[in-house]
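Peer 1: Structure for the following, please:
(one chain, ligands or ions: 1)
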Amino acid sequence: MSSVWERLEPLLERVSTPARYIGCELGSVRPPHDPANVAWLLIYPDTYEIGLPNQGLQILYEILNERPDAEAERAYTPWPDLASEMRRCGLPLFSVDTHRPAREFDVLAFTLAAELTYTNVLETLDLAGLEVRSSRRAGDDPLVLAGGHCAFNPEPMAPFVDAFVLGDGEEVVGEITEVLAAAKAEGAPREQKLRLLADISGVYVPSLYRDVWEGGRLVGVFPVVEGVPDRVEKRTIADLAEWPYPRRQLVPLTEVVHDRLNVEVFRGCTRGCRFCQAGMITRPVRERPASQVLEMVTDGLARTGHDEVALTSLSTADYSGIEGVVSEVVGCGNVTVSLPSLRVDAFTVGIASEIQRARRTGLTFAPEAGTWRLRRVINKLITNEDLFGAVEAAFSQGWRRMKLYFLVGLPTETDEDTRAIGELAAACVEIGRRYVRSPSVTVSVGGFVPKPHTPFQWFGQNTVGELRRKLSLVRDAARGRRGVEVKWHDPEATLVEGLLSRGDRRVADVIEDVWRAGGVFQEWSEYFRLDRWEAAAARHAVSIDEIVHRHRPEEEVFPWDHISAGLHRDFLWQDWRDALCEVGLPDCRWTPCYDCGACTGYGVEHVVASTTPPAGGSQGTGQDLTRGEELPASVPVRILAKASIRGGAGDREGAEG
Ligand code: SF4
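Peer 2: Coordinates of the predicted model:
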C-alpha cells in the first residue's frame, strides 16, 4: 500500500488544524487495496469541518465499502496553508483514510452541494496532479465524477467533470462500480468507460454532448454520439427504509459544523416552496419508518458517544408522528434533540415541550418573507398566526432566543414586504416578553438566488445594489427594537452564486480563470473577491448581467433543459404564473396529485406513515387563510391538528383562500 504519510507528517506542524488530515476517526475504514476493485476517492471540496458531516458522502462511503468489488476513501480540499506546502514539496493530494495518493484511485467523486465550491474542485484536481479539463486528461488518469444538488445544472462545470450523477446515489454508485470493474478487467480505454457510464440511468457524460448557440442564445445541449439520451433523468430510491445509512457515522477529530449524530428521517419535500430547489428536485417524500429512526438513533448514540441527535430532512416537523419520535428519542437518556429544519406551521407546543424535556437547542424558523402576500407568491403558506403560534410555543416552553431566516430579492417584493421583516421580528420579541426575561430574535437575511428546476428559474435576480438597499431597509426597520439583531449574507457572493447556478458551459472559462488567479475557498469571506469574477467574466465576454439579472421569456432554452429532475416544464411555468398572481398550491402529500412529474415519470410515490397533515399547518388543512396577515390581539397556541383536507389540481385558488 502506498502512503504519503511519511512526507505529510513533517508538514502538519506548519499548518493550521492538522487534525483535518489525519483520518482514523471512529467509523472510518482503511480498506485493503485490491487492484481488481474499483477504488473511489470521495471528495468534499471544502474544509474537513464543512465536509466531514456531509451525510451524502458518508452514506456512499459505507455503501461502497460494503461491496466486494469496491473500496472507498475520503478527501477534503486542503486549506491554502497546506496546499502551498504540498506544492512546494511536490506532495500530491491524498486520502485521509490511508493517505494514498489521489492518482492511485479509479474514481475521484466530488460532492457538489454549493456553487461557490466550484473553484475548489479545480484546486483539488490540480493538487491531485490531474489536468483540470477532462479533455486533457490521460487515459490512465482517474475518472472525475460529481453529484449533489448542484449537478442539476452541470454545464458550468461540464468541461472539468467526466460524468455527473443525478439524484439519489445509493443505487447508482453500485451500477457505476459494476460497469467500471468490468471495464477495468478488460483494460477498456477511457472513452469506452465514459460511453458505458452514459448508458446508466442518472449519469450524464458532458463530453458526449455539445452546446449549440444561435444569435447569442442557447439553442440546446445535444448528444453528439448515437444512443445517449437526449435528456438525462435523475435517480430516485423508492424506499428510504432499504437504506439505513450511515450505520457508522464518523466521529470527527476536531470541531466540525454539525458535531452531533444526524439521522435522516425523510427525504424530499412537497410543500412546494417556489424558491426551494432542494424541495423540487428531491420529490417525492419518502419517510423512514419510526422504528428504524429509533434504532438508528439508539445505535448511533451508543456507538459515537454523542449526546445530541439531529433528526434531519427538509422539514422535520412534517414527519408523521414527529412528537412520538422526539418523545422516544428523549427517552433514550440525556440527549439533546435538534430539528434543524422546522416549518413554523408544524411546530407545536407538543414538539416544543418534548424537545425541552432534554436540553434546549437553538431554534431556527424560516418564514422567508415578511408579509403574507409575499409568502403566497413564494408558496411558503405560513400565516403570521402560524409564526406567532410557533414562537409562543417555544417561548412558553422556556426558550429565550431564536433565529428567523428571511430572503430578500424575491419576485414581486415591495419595500413594504422588506420592512415587514423587521416588524415581524419585533412582534416575536414582544411575545417572548410575556414568558421570559430579555427574549431575543436574530434575523438572518440572505439574498435570493433563482435556481434551476424551480418555478423561479425564469426570474431575474436582484442586483448587488438592490440587495444592499433592501438589507438597509431591514436594518432600519429593526433599529431601536430591543432584542432584535440583524445578520446578513454578502450580496456580492450572492451575485456569483447566481452566475454559477444558472450559467451555461461558457462560464467554465470564468471558473478556471478565477481559480488560476488564486480564487479558492469562495464560500469563505476572507478569500472571496468579486473583482476576480468580474475580471474573468469580462475577459471571456461572459455577461454576468445577462445570466444573473435578466428575466427569461417562457420559451427560452435553459442550459439545464437536457437534465431532468422529473418536473414537467409546463408545471413549473404554470407555477411561476401562479406565483405572480399570488396563488398558492397545496402540499400534494395530503391533496390529490397535480402531476408535477416527479412521481408519475419514475413510477414512485410518497411514502408517508400518516395521511393527515401534522399538527397545525396551513397547507391542505382547511384553515382560513384569508386572515394570513392578521396580528391577533392575543396569540393563541395551537395544539390540535385539523384533519380536513382540500385542494388539488382543480382547486388551486380555493385552497389558498
Ligand atoms: S407527481 Fe404528484 S404526488 Fe408526486 S410530487 Fe408531483 S404533484 Fe406530488
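Peer 1: burial of the residue lying closest to R433 once chain neighbours are set aside, as a residue count?
Peer 2: With Cβ to Cβ, 6 or more residues apart in numbering as the criterion, R433 has its nearest non-adjacent residue at 6.0 Å, and that residue is P439. Glycine gets a C-beta too; all of them are placed from N, C-alpha and C. By the measure other Cβ atoms under 10 Å, the count of residues near P439 is 22.
Peer 1: residue contacts, P439?
Peer 2: Neighbouring residues of P439 by Cβ atoms under 8 Å, 6 or more residues apart in numbering: 395, 400-401, 429, 431-433, 483.
Peer 1: Try it again at 7 Å.
Peer 2: Counting by Cβ atoms under 7 Å, 6 or more residues apart in numbering, P439 touches 395, 400-401, 429, 432-433, 483.
Peer 1: Point out the ones among those that are inside helices.
Peer 2: Under the assignment DSSP state H, the contacts of P439 contribute 395, 429, 432-433 to helices.
Peer 1: So, low pLDDT: which residues of this protein?
Peer 2: 1, 341, 346, 348-349, 356-361, 610-657 (pLDDT under 70).
Peer 1: near the ligand, which residues of it?
Peer 2: Within the chain, the residues that sit near the ligand (Cβ under 6 Å from any ligand atom) are 270, 283-284, 588, 593-600.
Peer 1: Could you export those as a markdown table, including distance to L8, secondary structure and neighbour count?
Peer 2: Output for the residues of the chain next to the ligand, formatted as a markdown table (distance: Cβ to Cβ, whole Å; DSSP: H, G, I helix; E, B strand; the rest coil; neighbours: other Cβ atoms under 10 Å):
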| residue | distance to L8 | secondary structure | neighbour count |
| --- | --- | --- | --- |
| T270 | 47 | coil | 27 |
| R283 | 43 | coil | 26 |
| P284 | 45 | coil | 24 |
| C588 | 51 | coil | 25 |
| C593 | 54 | coil | 16 |
| Y594 | 55 | coil | 18 |
| D595 | 54 | coil | 14 |
| C596 | 49 | coil | 24 |
| G597 | 49 | coil | 17 |
| A598 | 45 | coil | 26 |
| C599 | 48 | coil | 21 |
| T600 | 51 | coil | 14 |
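Peer 1: List just the nearest of those to D211.
Peer 2: G597 (24.3 Å; Cβ to Cβ).
Peer 1: burial measure for the closest residue to that closest one other than its chain neighbours, as a count.
Peer 2: Spatial nearest neighbour of G597, chain neighbours left out: H568 (4.1 Å); criterion: Cβ to Cβ, 6+ apart. By other Cβ under 10 Å, 15 other residues sit near H568.
Peer 1: same thing with N120?
Peer 2: N120 has 26 nearby residues by other Cβ under 10 Å.
Peer 1: Would you list the phi and psi of I43?
Peer 2: Main-chain dihedrals, I43, degrees, to the nearest 10: phi -120, psi 130.
Peer 1: What separation do you get for it and G148?
Peer 2: In this structure, I43 lies at 11 Å from G148, with Cβ to Cβ, to the nearest Å as the measure.
Peer 1: And Y602, by the same measure?
Peer 2: Counting by Cβ to Cβ - Y602 and G148 are separated by 19 Å.
Peer 1: More neighbours: I43 and G148, which one.
Peer 2: I43 (29 against 22).
Peer 1: does that one really touch E73, like I thought?
Peer 2: No: assessed by Cβ atoms under 7 Å, I43 is found out of contact with E73, at 9.7 Å.
Peer 1: hey, what's in contact with both of these two?
Peer 2: Contacts common to I43 and E73, judged by Cβ under 7 Å, 6+ apart, are absent.
Peer 1: what ranges do the strands span in the stretch 151-300 of the chain?
Peer 2: 163-165, 203-204, 209-214, 217-223, 232-233, 261-264, 266-267, 286-287 (DSSP state E, counting those that start in this stretch).
Peer 1: Include mean neighbour count when you put these into CSV, please.
Peer 2: Shown next, in CSV, are the strands of the stretch 151-300 of the chain (neighbours: other Cβ atoms under 10 Å):
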stretch, mean neighbour count
strand 163-165, 26
strand 203-204, 26
strand 209-214, 14
strand 217-223, 15
strand 232-233, 20
strand 261-264, 23
strand 266-267, 23
strand 286-287, 24
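Peer 1: In TSV, list the ones you listed along with distance to L572.
Peer 2: As requested, the strands of the stretch 151-300 of the chain are exported to TSV (distance: least, Cβ to Cβ, whole Å):
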stretch	distance to L572
strand 163-165	21
strand 203-204	20
strand 209-214	21
strand 217-223	17
strand 232-233	16
strand 261-264	26
strand 266-267	21
strand 286-287	22
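Peer 1: Please name whichever of the ones you listed is nearest to W458.
Peer 2: strand 217-223 (14.5 Å).
Peer 1: quick one: contacts of that closest one?
Peer 2: For strand 217-223, contacts defined as Cβ under 7 Å, 6+ apart pick out 155, 208-213, 230, 504, 557, 559, 561-562.
Peer 1: Output the residues you listed in TSV, with distance to G447 appended to each entry.
Peer 2: Formatted as TSV, the contacts of strand 217-223 follow (distance: Cβ to Cβ, whole Å):
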residue	distance to G447
E155	23
L208	36
Y209	32
R210	33
D211	28
V212	32
W213	29
D230	35
D504	22
V557	26
P559	22
D561	26
H562	28
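Peer 1: Looking at these, which is nearest the ligand?
Peer 2: Comparing these against the ligand with Cβ to the nearest ligand atom places D561 closest, at 19.1 Å.
Peer 1: sorry, back to before: so for V329, which of the strands of the stretch 151-300 of the chain sits nearest?
Peer 2: strand 261-264 (8.8 Å).
Peer 1: Need the contact partners of that closest one.
Peer 2: 53, 55, 249, 288, 293, 296-297, 300-301, 304, 306, 308-313.
Peer 1: try 8 Å
Peer 2: 53, 55, 240, 249, 288, 293, 296-297, 300-301, 304, 306, 308-313.
Peer 1: And for stretch 302-310?
Peer 2: Taking Cβ under 8 Å, 6+ apart as the rule, stretch 302-310 contacts 26-27, 248-249, 251, 258-263, 297, 300-301, 329, 334-340, 361.
Peer 1: In it, which of the residues would be classed as buried?
Peer 2: 304, 306, 308-310 (16 or more other Cβ atoms under 10 Å).
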